[in-house]
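Colleague: can you look at this prediction? I've put the sequence above it.
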Amino acid sequence: MKRNLLTILLALGVMSFTQAQVRPQGAGADTTRRAGVPGGAATRAQPKPYDQVITNKAVTRKGMITTHKLDDKFFFEISDTTLNRDILVVSRISKSGAEVRAAQGYAGDQIGSSVIRFEKGPNNRIFMRKISFRTYGPDSTTSMYQSLKNSNIQPIAAAFNIAAYTGDKKGSVIDVTDYLNSDNDIFYFSSAASKTRFRLGTQLADRSYVTNVRSFPTNVEITAVKTYTLAAAASPFGGGAPAGGGAGASTGSSTVELNTSLVILPKVPMKPRYFDARVGYFTVGYTDFDLNPQGVKEIEMVKRWRLEPKPADMAKYKRGELVEPIKPIIFYIDPATPKKWVPYLIAGVNDWAKAFEKAGFKNAVIGKEAPTFAQDSTWSIDDARHSAIVYKPSEIANASGPSISDPRSGEIMESHINWFHNVQSLVHDWYMIQTAAVDPRARKMTFSDELMGDLIRFVSSHEVGHTLGLRHNYGSSSTVPVENLRNKKWVEANGHTPSIMDYARFNYVAQPEDNITSKGLYPRIGDYDNWAIEWGYKYFPDNKTIDADMTALDKLTIESTKNRRLWFGTETNPDDPHSQNEDLSDNAMKASEYGIKNLKVILTNLPVWTKEKGENYDNLTNMYGQLTSQFGRYMGHVAKNVGGVYENPKTVDQAGSVYERTPATTQKEAMNFLNAQLFTTPKWLLNQPILDNIDANPLEVVARLQSSTLNRLLGSSTLGKLVTAEATDGATAYKITDLFTDLNGAIFTELKSSSAIDVYRRNLQKSYVDKLIAIVNPPAPAASTQVVFAGRGAGASSGLSNSQSDVMSVVKGQLRDLDASIKGAASSQADSLSKYHLLDLADRIESALDKKKD
């Protein structure tokens, strides 16, 4: 590299002060002026002797910042060694009221994160700057470095008079009472928007107070009770009343307890590791003005924990022996967690230990029960030094694994995994709908503790994976041949997907006659996960630079491409049929066909399997909805193949293309599947005894499934990609006209035979024609929308609207052809309802085309 990155990171933002008067603005600014006296150096209170400020009545806690509590005042004693150090601030809700919980605000929720730096200024002042690492300059010896600093001065968030100096003059005491009591965006909610999320408005100062300030060797913990006006309920569009609101916006008040952790960041940042699109990691980034001498370069650093061998073990590590890291990754289990689930959550953490052996570390990640108060009275789940799985009494059926990282390097400092109580209902419903045909344990509404514990373990592992830095790998399951998922020996040995970071819940391909056990049904940490951990955490003791690490990793990554199971498929690609959530195998059509066979078995048994004595039909209603949704997912998996574009990230040193269009034969296979399973009415779904007991409309069930698939097939993105494919691949492409030939043949089969059209088919045909008309005559807000055809890869971002391309020409031609065919069929149609329907379609088409002429 052309300059020492770490030196620049540490140097940036250290500004020199002039003797000019500084007048910081905003919450907490100039917090220690004399009451009633205008600001100014001459009128500010001067420092007093230490023992006149911090008397023997003060309650003192020594640590990173020594804190003092004197009556109702709080003081920070900041040593000169802590000045100019980067401090990570993490704020969370530690206790919430019912009103906040109703807005999905629970104990443990993060509400703010920033980096601050205390600096000594002129006139006996301490300034607190809010530090951004978004833009960095080139080498400090150049004039551009100083110019960039001058253009990116770090804002002063608060200013404090120095109340006293320590006896050795190497520390400064400041009164932080007013700032802690204020509604500031550093220590509490990071913005008005973050408060609005919980329906909170203006802070009510007379009902807010600081309860505790505790100091530890590397962090300070602040606990405050804050009362806010309660804003009006959010609108159906996701907004809420403005924070503070206007007249009538407030509907009362709500009180929350907030915990703020100030954690000192390492003096020397961890050596970063740059993002590689071939391995899925979360990132932090900045704009670099040095790497590209003729412009700027966006740098992304992966988020990962600092794992390093102990100095005494370095020789062993170099020899390839497993060693323990200096500081392992420890996750504590929230004491509020039901005891029976604790072992499974811990197991989900510990399952990752084996993966870290690929990077050369043993005992690198550990799950533990949190200590009780009797065991350690200083331990707190809100302490940012402690990572935890936080159990939340929430109806939300989910879990999430966020993390807080050092913006200078990507080093993960801590994580609080959100574990919502109702996630158990989610995994129950998924497991029942996907495996009940093959696993008798899944055939009831209340699973055994053993089965539910196994499911909790897998979710725990998935969320821990996120906190290790790993993104979703939606493409992992596509590397598995579909028939392997029915091979008992193979799938039980290898799992149904190589990555637990995939959204591939359970093996829905397995059939009852395959006799596959839970080992072949559950997700597990797999080959890709082991490889990704090796890539992110392998230590290179002899490498001095980031570039040297990346060179070594590039060789490993290129070698990994020989094993397709190590492939990463991003969760953000809308075009690649290999990268989908909730899918399995290398062939969505075959996998979905197997899945449907199992759904048919499950459907016939749902009334029995959902029955609970004395209960109503809510269970049946829910599980029938889950089943039809699963069927809809299969349709989506297949439909994404039409107009699909495969993406295989590569560097210029690797052979082959990054982007490749889905073969025409695969797209044709997908359309044949949709014709057979969806456009031919799936009447097996319409189990009348079930529908009678859940008051469901069979027409709506079918229409919803068919309409969502048509929306994708006829979306501007799909149609545009088909036009682009023809331009690129010529005669071998699956063209836009091929799509319409297949759709018309599937949806209007009755026109050639003049047979009666039943109500399900009439609804499908109306839906299809209406969607074509919407392309010709789009709603006003969409009329000026620009369409990106290929989305990604060759031919992407053409910027052509439907009317500027062949899309409009083809759709209008299809409507004309349909108009002629429909009129011809209507004249010979004997069934009156069918005839009325066809004449109606003809009227709609003619009206749409006439309108287009106008």
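Modeller: Yep, that arrived. Just so it is clear, the structure is predicted and the values come from calculations on it, not from any experiment.

Colleague: buried set for stretch 161-174?
Modeller: 161, 162, 163, 164, 165, 166, 171, 172, 173, 174 (16 or more other C-beta atoms under 10 Å). For glycine as for every other residue, the C-beta is placed from the backbone atoms N, C-alpha and C.

Colleague: touching that stretch from outside, list them.
Modeller: 30-33, 44-45, 47-50, 52-54, 66, 68, 75-81, 83, 120, 124-126, 160, 175 (C-beta atoms under 8 Å, 6 or more residues apart in numbering).

Colleague: hang on, the earlier thing: quick one: which of the buried residues of stretch 161-174 is nearest residue 684?
Modeller: When these are ranked by distance to residue 684 (C-beta to C-beta), residue 174 comes first, at 72.8 Å.

Colleague: ok so the closest one is a helix residue?
Modeller: No: the assignment for residue 174 (DSSP: H, G, I helix; E, B strand; the rest coil) gives strand, which keeps it out of a helix.

Colleague: and stretch 698-710, how far out from the chain's middle?
Modeller: Using C-alpha atoms, centre = their mean, to the nearest Å, the mean C-alpha position of stretch 698-710 is found 29 Å from that of the whole chain.

Colleague: same deal with stretch 647-664?
Modeller: In terms of C-alpha atoms, centre = their mean, the centre of stretch 647-664 is found 26 Å from the chain centre.

Colleague: buried residues in that stretch, which are they?
Modeller: The neighbour-count check on stretch 647-664 (16+ other C-beta under 10 Å) flags 647, 648, 649, 650, 659, 661, 662, 663, 664 as buried.

Colleague: can you give me the strands for the stretch 551-700 of the chain?
Modeller: 645-647, 659-661 (DSSP state E, counting those that start in this stretch).

Colleague: pLDDT on the first one, on average?
Modeller: With pLDDT averaged residue by residue, strand 645-647 scores 96.

Colleague: partner strands of it and their direction?
Modeller: Its sheet considered, strand 645-647 pairs with strand 659-661 (antiparallel) by DSSP bridges.

Colleague: what is the neighbour count of residue 351?
Modeller: 21 (other C-beta atoms under 10 Å).

Colleague: oops, could you answer that again for residue 735 instead?
Modeller: 21.

Colleague: what's the distance between the residue nearest to it when sequence neighbours are not counted and residue 448?
Modeller: Spatial nearest neighbour of residue 735, excluding adjacent residues (C-beta to C-beta, 6 or more residues apart in numbering): residue 726 at 4.6 Å. Separation of residue 726 from residue 448 (C-beta to C-beta, to the nearest Å) stands at 55 Å.

Colleague: quick one, which of those two is more surrounded?
Modeller: Neighbour tally, residue 726 and residue 448, criterion other C-beta under 10 Å: the higher count belongs to residue 726, 18 against 10.

Colleague: OK, contacts around the more buried one?
Modeller: Contacts of residue 726 by C-beta under 8 Å, 6+ apart are 733, 735, 736.

Colleague: closest to residue 706 out of those?
Modeller: Looking across those and measuring by C-beta to C-beta, the closest to residue 706 is residue 736, at 20.5 Å.

Colleague: just checking, the closest one touches residue 810?
Modeller: Yes: between residue 736 and residue 810 there is a contact at 5.3 Å, judged by C-beta atoms under 8 Å.

Colleague: shared neighbours of those two, anything?
Modeller: The contact sets of residue 736 and residue 810 overlap at residue 719 (C-beta under 8 Å, 6+ apart).

Colleague: quick one, which of the two is more surrounded?
Modeller: Legend: neighbour count by other C-beta under 10 Å for residue 736 and residue 810, higher for residue 736 (25 against 20).

Colleague: any idea how far residue 580 is from the closest residue to that one other than its chain neighbours?
Modeller: Of all residues not flanking residue 736 in the chain, residue 722 sits nearest, at 4.1 Å (C-beta to C-beta, 6+ apart). Distance of residue 722 to residue 580, computed by C-beta to C-beta: 19 Å.

Colleague: also residue 348?
Modeller: 25 Å.

Colleague: for the stretch 1-150 of the chain, which segments count as strands?
Modeller: Using DSSP E, counting those that start in this stretch, strands in the stretch 1-150 of the chain cover 59-61, 66-70, 73-79, 87-95, 110-121, 125-131, 135-136.

Colleague: my bad, the stretch 201-350 of the chain
Modeller: Going by DSSP E, counting those that start in this stretch, the stretch 201-350 of the chain shows strands at 209-215, 219-231, 250-264, 283-288, 297-302, 329-333.

Colleague: turn those strands into JSON lines, columns for mean pLDDT.
Modeller: Formatted as JSON lines, these follow (pLDDT from 0 to 100):
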{"stretch": "strand 209-215", "mean pLDDT": "94"}
{"stretch": "strand 219-231", "mean pLDDT": "91"}
{"stretch": "strand 250-264", "mean pLDDT": "87"}
{"stretch": "strand 283-288", "mean pLDDT": "84"}
{"stretch": "strand 297-302", "mean pLDDT": "89"}
{"stretch": "strand 329-333", "mean pLDDT": "96"}
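
Colleague: please produce JSON lines containing those strands, extended by mean neighbour count and distance to residue 457.
Modeller: Formatted as JSON lines, those follow (neighbours: other C-beta atoms under 10 Å; distance: least, C-beta to C-beta, whole Å):
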{"stretch": "strand 209-215", "mean neighbour count": "16", "distance to residue 457": "34"}
{"stretch": "strand 219-231", "mean neighbour count": "22", "distance to residue 457": "31"}
{"stretch": "strand 250-264", "mean neighbour count": "20", "distance to residue 457": "29"}
{"stretch": "strand 283-288", "mean neighbour count": "17", "distance to residue 457": "28"}
{"stretch": "strand 297-302", "mean neighbour count": "18", "distance to residue 457": "26"}
{"stretch": "strand 329-333", "mean neighbour count": "23", "distance to residue 457": "13"}
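
Colleague: among these, which is nearest residue 676?
Modeller: Once the strands of the stretch 201-350 of the chain are compared by C-beta to C-beta, strand 283-288 is nearest, at 43.1 Å.

Colleague: direction included, what does the closest one pair against?
Modeller: Sheet pairing for strand 283-288, using DSSP bridges, gives strand 135-136 (parallel), strand 297-302 (antiparallel).

Colleague: quick check: residue 256 vs residue 590, distance?
Modeller: As judged by C-beta to C-beta, residue 256 and residue 590 stand 52 Å apart.

Colleague: with residue 52 instead?
Modeller: 82 Å.

Colleague: more neighbours, those two?
Modeller: Counted by other C-beta under 10 Å, residue 52 and residue 590 do not tie: residue 590 has more neighbours, with 18 against 10.

Colleague: I appreciate the help and will end here.
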